[in-house]
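A.B. asks: sequence below, structure please.
(2 chains)
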Amino acid sequence: MYAASDLRKNLRIKMDNEPYVITEFNFVKPGKGQALYRCKLKNMISGARFERTFRSVDVFEPADLQEKKMQYLYEQDDKYCFMDNESYEQVLLTAEQVGDARNYLIANIEAEVLLFEDRPLGVSLPNFVDVVVTKADPWAKGDSVSGNTKPVTVETGYILQVPTFIEEGEKIRIDTRTGEYLTRVKD
Amino acid sequence: MDGAWSLAKKRRALQLRAKILQELRQFFIVRGYLEVETPCLIPATAPEFYIDTMTCQGWFLHPSPELCMKRLLAAGYDKIFQSCRCFRQHERGNRHLPEFTMLEWYRRDADYWDLMEECEDLILHLAAALDYGAALSYQGQIIRLQKPWERITVQGAFEKYAALSVEEALSGNCFDEVLTDRVEPNLGRERPTFLLDYPLALGSLARTKKEDPSLVERFELYVAGMELANAFTELTDAQEQRRRFVREEDDRRRAGKPPYPAPERFLASLGDLGESAGIALGLDRLVMIFADALHIDDVVAFPPETL
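C.D. replies: As a prediction, this is how the structure comes out:
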């Protein structure tokens, strides 16, 4: 069981026998008042979204879902194909089921595909993914102030802010939970 | 992972934070306040139902320095301020850190109206010293700082924004939900707002209002929908304070929370307190407003998850 203080973004809970994922989470607490846990939830089967505010006395059942290690193969017509590493079975996920993970889907990356009664529901990636920068403005040498940023495009088409010294062709590490740049990777 | 980058991009916010600390010291020193330091580790705290403290070696990490500061006040230190770390278990969100920085100040011969004016002066002083002029821009909203700021009672705000009386919200067991969902987002929009005169049950250490004993002389300051500070005219009746503490402590124990010892030395000092008022302002949130930061993590170097 989870307590309200365990709630966080991406946690999966079961309500009325259906799996839900918390898509947005915020803790609010008015001065001298009680802690409130404001959540946006998504039904992982129907995709229906709604908002609920919980109190610290509320408890939750974890959603009983299976996770299988699979390899990402390709994307076609907005469907994303993954292959089970053991059975070689392939499953297709919709763009919606893949969500933000599509920003980091490089060929052959290993991912955890989430299944509910053998139906694929979603996918989760390693926390850190290394990708190649495919488009970047050149570094103006005068600009050496630490903390300055510029936008670059990576091989998946994802655009993010990075330090100004990053150049085209370099590999960078992204935190897939936040979508933010972490560090430059040297092969 | 690479922590240096996440620290480097906070430079501007951390510089602003340092400047705010320097300028607020200046503000209080010029006004004759004495800067004090009181222990973080204390043997007893004020029993408040919704504040869970952290313990260390059988004592408590203070959730606020108020008890020690009021003992100083009672001992004749008439104007004191302190900026210090405070600790509250389980409080983590866009505007909450379990370890955060509080600015508190206390004054003899003052009430909560005096502190409202002092809040106005403090933030105007900071805005001028930091070259913001008389307006702030927070998340696309312009907040004008010219005095006087808006003053609205809790009752008035509930009726205006939630079409509900405070009594209805309390009896419907939804006061906090209505306050945070429907009232707070409307406060401090064009100019800062003082939300004042809370129901008695929501001000354990505040003085009862003479004109209406069902209310206490407490206010909260809001800027751009964000709660920045909480203040009272201090309750100085030791017996009444003890009764309220016992009530809170009973509620805590009934809910299965760990028992708190009564802060006896604080209670003993109350008789000498005299008319006074005190305020606690969340310094991290103040920096958020000036830095136009949406998340409290943006204005501290090390949120706990990065340690």
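A.B. asks: near chain B, which residues of chain A show up?
C.D. replies: A:5, A:26-36, A:38, A:53, A:56, A:128, A:146-147, A:149, A:163, A:173, A:175, A:181-183 (C-beta under 8 Å from any C-beta of the partner chain). Glycine gets a C-beta too; all of them are placed from N, C-alpha and C.
A.B. asks: which residues touch the residue of the stretch 1-150 of chain B found nearest chain A?
C.D. replies: Across the stretch 1-150 of chain B, the shortest distance to chain A (C-beta to the nearest C-beta) belongs to B:G93, at 2.9 Å. For B:G93, the residues meeting the contact criterion (C-beta atoms under 8 Å, 6 or more residues apart in numbering or on different chains) are A:N26, A:F27, A:V28, A:K29, B:I296.
A.B. asks: which residues touch B:P263?
C.D. replies: When contacts are counted by C-beta under 8 Å, 6+ apart, B:P263 is found next to B:A44, B:T45, B:A46, B:L67, B:F245.
A.B. asks: thinking again about what came up before, in ChimeraX, how would I select just the buried ones from the residues of chain A next to chain B?
C.D. replies: Once 16 or more other C-beta atoms under 10 Å in any protein chain shown is used to decide burial, the buried members of these can be selected in ChimeraX as follows:
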select /A:26,27,28,29,30,31,32,33,34,35,36,38,53,56,163,175,181,182,183
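A.B. asks: out of the residues of chain A next to chain B, list just those in helices.
C.D. replies: Nothing among the residues of chain A next to chain B maps onto helices, per DSSP state H.
A.B. asks: can you tell me the SS state at residue 86?
C.D. replies: Defaulting to chain A. Secondary structure state of A:E86, per DSSP: H, G, I helix; E, B strand; the rest coil, is coil.
A.B. asks: chain B was what I was after
C.D. replies: With three-state DSSP as the basis, B:C86 sits in strand.
A.B. asks: give me the neighbour count for the closest residue in space to B:F219 that isn't next to it in sequence.
C.D. replies: Of all residues not flanking B:F219 in the chain, B:L196 sits nearest, at 4.0 Å (C-beta to C-beta, 6 or more residues apart in numbering or on different chains). Residue neighbour count, defined by other C-beta atoms under 10 Å in any protein chain shown, stands at 24 for B:L196.
A.B. asks: where does the chain have low pLDDT?
C.D. replies: Using chain A. Along chain A, the model assigns pLDDT under 70 to residues A:141-146.
A.B. asks: wait, chain B
C.D. replies: Using pLDDT under 70, the flagged stretches of chain B are B:1-3.
A.B. asks: what does it put close to chain A?
C.D. replies: Contact residues (C-beta under 8 Å from any C-beta) of chain B with chain A: B:1-2, B:5, B:8-12, B:48, B:50, B:90-96, B:175-177, B:179-181, B:184, B:198, B:202-204, B:220, B:227, B:230.
A.B. asks: now, which of those residues lie within helices?
C.D. replies: The helices, defined by DSSP H, take in B:W5, B:A8, B:R11, B:R12, B:F175, B:D176, B:E177 from these.
A.B. asks: can I get the buried ones among the residues you listed as something I can paste into ChimeraX?
C.D. replies: Selecting just the buried residues from these in ChimeraX takes one command, with 16+ other C-beta under 10 Å as the test:
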select /B:5,175,176,177
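A.B. asks: check contacts around A:T149.
C.D. replies: With contacts defined as C-beta under 8 Å, 6+ apart, the neighbours of A:T149 are A:Q161, A:V162, A:P163, A:T164, B:K9.
A.B. asks: again with B:E91
C.D. replies: Listed by C-beta under 8 Å, 6+ apart, the contact set of B:E91 reads A:F27, A:K29, A:A35, B:L97, B:P98.
A.B. asks: including distance to B:W149, could these go into CSV?
C.D. replies: Putting those into CSV (distance: C-beta to C-beta, whole Å) gives the following:
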residue, distance to B:W149
A:F27, 27
A:K29, 24
A:A35, 28
B:L97, 26
B:P98, 30
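A.B. asks: relative to A:E117, which of the residues you listed is nearest.
C.D. replies: Within the set of the contacts of B:E91, A:F27 lies nearest A:E117; the separation is 32.9 Å, counting by C-beta to C-beta.
A.B. asks: next up, the contacts around the closest one.
C.D. replies: Each residue near A:F27 by C-beta under 8 Å, 6+ apart is listed here: A:A35, A:L36, A:Y37, A:R38, B:E91, B:R92, B:G93, B:N94, B:H96.
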